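> here's my sequence, what's the structure:
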Amino acid sequence: PEAAPEAAPEAAPEADRSAAETGGKKAEAVDEGTAASPAEADRSEAEAQERLKPPIGFSVAKAYEVTKNEAWLQALQPTDPTQFKVRDYGYAQSKLKQPSGPGLYESCGADCCVSSQGPLSDFAARVRIPDLGPDCALEAEASPVPQHLVVNLQIPMQAKALFGSSKKSKALGKPTLNAVYYFRIQAATAHAVNKLEKAYASGHPRDLNVAGVPPAVQLFHRWCEGAHRDKALNGQFKAIGLGFNFDEVGAPAFVKSYNGKPVLFAASGKVREGFNIIHRGKGYLEVDVPMAENFSYLAQRGMAWGFGMAERLDLALAFLIEGRKDFEQPECVLGSAANKFVPVKAALGEDELFNSDQEVADFA
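Alright, predicted model coming up:
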């Protein structure tokens, strides 16, 4: 730029005032340009709040840090889904089962937390859920299928009374073990979901299979769409438990009778209405299973026995949606995890896990 002409001595104060005003206007413009917008400020605050949450699996790492019990390091690990027997195609006629294929989701962590005043709902909202890479991206922004599936088994630490208490009072205010399992979507599952949703968008009938999409993926998509409002569909969510050392630890006969058999999280009756509570948040769908309210006295006795023996039990657990029609079969495990010698009596309480006002770092 050209140099400004030299000012006369008597004009200097006015020139200084003019320069000061100009500089002030420039400073205001800079401030306006760099000041965070309300949306940016909200986002920054949300990110700060997110950093205060513990990462998934923190309760297990913290329990090991506190107790130095090495059992925590191997307690809740991924396990092979093919060891679980599931319904084959045409099960209604053949009653045949086969080993599950690879899980639609893979285990990515677990939390074990004791709450003194009843179960903790929407546990995943309290922890930091990681983002997944582009290989696991779901193309439809409004896809009902989550990137992370979270299952919270809300296990009563004491069996309910056989008689005399209302359904709700059996859970409220009672110590509860929240056994929380996290599963992330497999890339192959995400690709199948994308293909399925493109077929639906082009008018493909929803009660017919889509070529190249496993029936279990189509069934899970339907379950995610409607299980929050359709109790019968909700009741198709189930688990299969495997105990590898029941004889060794002297398991009761009624506990051994369920070994390897599916358990529907649904009420008894002709129409098996589900009692699972579904929560959604950014990147996840959580299924809460309120066992204290809904499991029978005998089932809770079995769970109470298992709680007392947990440190000696070698177990594996799988979750899946029950396929009842031919086009929903063969079934496939959604996700599975080992429960090996878990020292649950030393699990963290909710106050130890969630009452931090400092940022919580991720861990390897």
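
> can you give me the strands in the chain?
Assigned by DSSP state E, the chain shows strands spanning 85-87, 97-99, 105-115, 148-156, 176-185, 237-243, 262-264, 277-281, 284-290, 314-321, 335-340, 348-349.

> could those strands go into a markdown table alongside mean neighbour count?
Backbone N, C-alpha and C define where each C-beta goes, glycine included. Listed next are the strands of the chain as a markdown table, based on neighbours: other C-beta atoms under 10 Å:
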| stretch | mean neighbour count |
| --- | --- |
| strand 85-87 | 22 |
| strand 97-99 | 15 |
| strand 105-115 | 23 |
| strand 148-156 | 24 |
| strand 176-185 | 25 |
| strand 237-243 | 20 |
| strand 262-264 | 15 |
| strand 277-281 | 16 |
| strand 284-290 | 22 |
| strand 314-321 | 22 |
| strand 335-340 | 24 |
| strand 348-349 | 17 |
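
> could you export the ones you listed as a markdown table, including mean pLDDT?
Conversion of these to a markdown table gives the following (pLDDT from 0 to 100):
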| stretch | mean pLDDT |
| --- | --- |
| strand 85-87 | 98 |
| strand 97-99 | 98 |
| strand 105-115 | 95 |
| strand 148-156 | 95 |
| strand 176-185 | 96 |
| strand 237-243 | 97 |
| strand 262-264 | 96 |
| strand 277-281 | 97 |
| strand 284-290 | 97 |
| strand 314-321 | 97 |
| strand 335-340 | 95 |
| strand 348-349 | 91 |
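
> nearest to residue 299, of those strands?
Smallest distance to residue 299 across the strands of the chain (C-beta to C-beta): 8.3 Å, for strand 262-264.

> gap between the spatially most central residue of the chain and residue 354?
What sits nearest the mean C-alpha location of the chain, by C-alpha atoms, centre = their mean, is residue 150, with 1.5 Å. Distance of residue 150 to residue 354, given as C-beta to C-beta, to the nearest Å: 16 Å.

> where in the stretch 51-200 of the chain is pLDDT low?
Applying pLDDT under 70 to the stretch 51-200 of the chain flags residues 51, 159-173.

> mind doing that once more with 90?
51-52, 66-67, 69-71, 73-77, 116-117, 131-137, 140-142, 156-175 (pLDDT under 90).

> picking that back up, in JSON lines: the strands of the chain, plus distance to residue 270.
Below are the strands of the chain laid out as JSON lines (distance: least, C-beta to C-beta, whole Å):
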{"stretch": "strand 85-87", "distance to residue 270": "20"}
{"stretch": "strand 97-99", "distance to residue 270": "24"}
{"stretch": "strand 105-115", "distance to residue 270": "31"}
{"stretch": "strand 148-156", "distance to residue 270": "26"}
{"stretch": "strand 176-185", "distance to residue 270": "30"}
{"stretch": "strand 237-243", "distance to residue 270": "17"}
{"stretch": "strand 262-264", "distance to residue 270": "13"}
{"stretch": "strand 277-281", "distance to residue 270": "23"}
{"stretch": "strand 284-290", "distance to residue 270": "22"}
{"stretch": "strand 314-321", "distance to residue 270": "20"}
{"stretch": "strand 335-340", "distance to residue 270": "30"}
{"stretch": "strand 348-349", "distance to residue 270": "41"}
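
> among these, which comes closest to residue 139?
Among the strands of the chain, if distance is taken as C-beta to C-beta, the winner is strand 176-185, at 12.8 Å.

> quick one: average confidence on stretch 208-217?
On average, the pLDDT along stretch 208-217 is 96.

> what does it contact?
89, 101, 104, 189, 192-193, 195-196, 199, 204, 218, 320-321, 323, 327-332 (C-beta atoms under 8 Å, 6 or more residues apart in numbering).

> which of these are buried, as a ChimeraX select command?
The command below creates a ChimeraX selection of those among the contacts of stretch 208-217 that count as buried (16 or more other C-beta atoms under 10 Å):
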select :89,104,189,192,193,195,196,199,204,218,320,321,323,328,329,330,331,332
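
> just to revisit the earlier point, show me what the residue nearest to the centre of the chain is bridged to.
With DSSP bridges as the criterion, residue 150 is bridged to residue 182, residue 286.
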